[in-house]
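Engineer: model this:
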Amino acid sequence: MTILRNSWCLILLCITLPQASIENYPPWFQRRTFPRWFFEPPAKTVVGFDSAKPLRDDAYDRFCSFITMRTTGFLRVHQYEHLGQLLFTDEDSISFLYVPRTDVDTSDLILLDSLKSAVSMAGIFSTDSVAIDTTPLSLFETVAPPKDPNYIYGTGVSRVNLYNPLWGWMKAESRAIRNLMEQSVFSLYTLERSKDGRMERASWYDFDLRVENLEIVRRWFCAESGNAAVAVRVRKGSISPWKSENAFQLPLPLKPYGYMLHEISPH
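Structural biologist: From the prediction side, this is the model:
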């Protein structure tokens, strides 16, 4: 068995972004539209991107992973006060893996529609002939989804590149899945201390989880912050400790400019 494996480390510093509105963006960006299916993907569909691999192959990875996904790794969060402001850094090493399907092959996915944004493409696929809405929708018309109490939701954001917005949604999708995992951690350790009247808190999230029937609920654009946002969800009870080792790597997050996976044989 061959395992595709990848982990990454990310250090982030939270800053407060100035408030913005549609008037703060270039006119050509204000006029930019995507088909509605990109923001509101119908059930039984999957959206693939061509940043790391061919469009159809990426869609297949996501199709399989959203049925059964394994997320394993850790997240460290360090909160502290500096000049009267509460800041934090986080560091993670997370792998998203999936179990290959035996009943569906890459060629079974039907391309229903696609869009191109600068050097990137996105396409919507399904194993059935699903009706999709191709109505052009402005980024500024998109909104966050309502929430159903029967589901657990995760939300991720990433700064939008005005010239190629798809990158932002690719990154936001993986962060939304990570946010979902943070709500279902396997173990959590927290250490707090106060030094010279300043608060510091260090938290460690450790997890190895099985996620079943994950859904991409909606993508939208936050004009106030300039962020792409993605909401994912699973039904309550669909996240449990992982008990099987038969898993392959899901390539998330997809990084711009040819982010590739490395193939490793297990020992």
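Engineer: Gln79: which element?
Structural biologist: Element membership for Gln79 (DSSP states H and E) is strand 68-82.
Engineer: Counting neighbours, what do you get for Tyr80?
Structural biologist: Applying other C-beta atoms under 10 Å, we find 15 residues neighbouring Tyr80. The C-beta positions use only the backbone N, C-alpha and C, and glycine is treated the same way.
Engineer: Val104 now?
Structural biologist: Applying other C-beta under 10 Å, we find 14 residues neighbouring Val104.
Engineer: now it, nearest residue through space, not along the chain?
Structural biologist: Of all residues not flanking Val104 in the chain, Thr127 sits nearest, at 6.1 Å (C-beta to C-beta, 6 or more residues apart in numbering).
Engineer: quick one, what contacts the one you found?
Structural biologist: Shown in contact with Thr127 (C-beta atoms under 8 Å, 6 or more residues apart in numbering): Lys44, Phe63, Val104, Asp108, Leu109, Ile110.
Engineer: Let's see that with 10 Å instead.
Structural biologist: Listed by C-beta atoms under 10 Å, 6 or more residues apart in numbering, the contact set of Thr127 reads Lys44, Thr45, Val46, Phe63, Asp103, Val104, Asp108, Leu109, Ile110.
Engineer: for Asp108, same thing?
Structural biologist: Asp108 sits next to Tyr60, Phe63, Arg101, Phe125, Ser126, Thr127 when contact means C-beta under 10 Å, 6+ apart.
Engineer: For the longest helix along the chain, buried residues please.
Structural biologist: Using DSSP state H to define each element, the chain has its longest helix at helix 166-182. For helix 166-182, burial by neighbour count (16 or more other C-beta atoms under 10 Å) applies to 166-181.
Engineer: Now find how far off-centre that helix is within its chain.
Structural biologist: From the chain centre to the centre of helix 166-182 is a distance of 2 Å (C-alpha atoms, centre = their mean, to the nearest Å).
Engineer: Could you export it as PDB, CA atoms only?
Structural biologist: Extracted C-alpha coordinates of helix 166-182, given in PDB (Å, rounded to 0.1, in the frame of the first residue of the first chain):
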ATOM      1  CA  LEU A 166     -10.000  31.000  -6.100                       C
ATOM      2  CA  TRP A 167      -6.800  30.600  -4.000                       C
ATOM      3  CA  GLY A 168      -8.600  32.100  -1.100                       C
ATOM      4  CA  TRP A 169     -11.400  29.600  -1.100                       C
ATOM      5  CA  MET A 170      -9.100  26.700  -1.600                       C
ATOM      6  CA  LYS A 171      -7.300  27.700   1.600                       C
ATOM      7  CA  ALA A 172     -10.500  28.600   3.500                       C
ATOM      8  CA  GLU A 173     -11.900  25.100   2.800                       C
ATOM      9  CA  SER A 174      -9.000  23.400   4.600                       C
ATOM     10  CA  ARG A 175      -9.300  25.800   7.500                       C
ATOM     11  CA  ALA A 176     -13.000  25.200   7.800                       C
ATOM     12  CA  ILE A 177     -12.300  21.500   8.200                       C
ATOM     13  CA  ARG A 178      -9.600  22.300  10.800                       C
ATOM     14  CA  ASN A 179     -12.100  24.400  12.600                       C
ATOM     15  CA  LEU A 180     -14.500  21.500  12.600                       C
ATOM     16  CA  MET A 181     -11.800  19.300  14.200                       C
ATOM     17  CA  GLU A 182     -11.100  21.800  16.900                       C
END
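Engineer: That one versus strand 68-82: what angle between them?
Structural biologist: Orientation of helix 166-182 against strand 68-82 (axes from the mean of the first three to the mean of the last three C-alpha atoms, to 10 degrees) gives an angle of 90 degrees.
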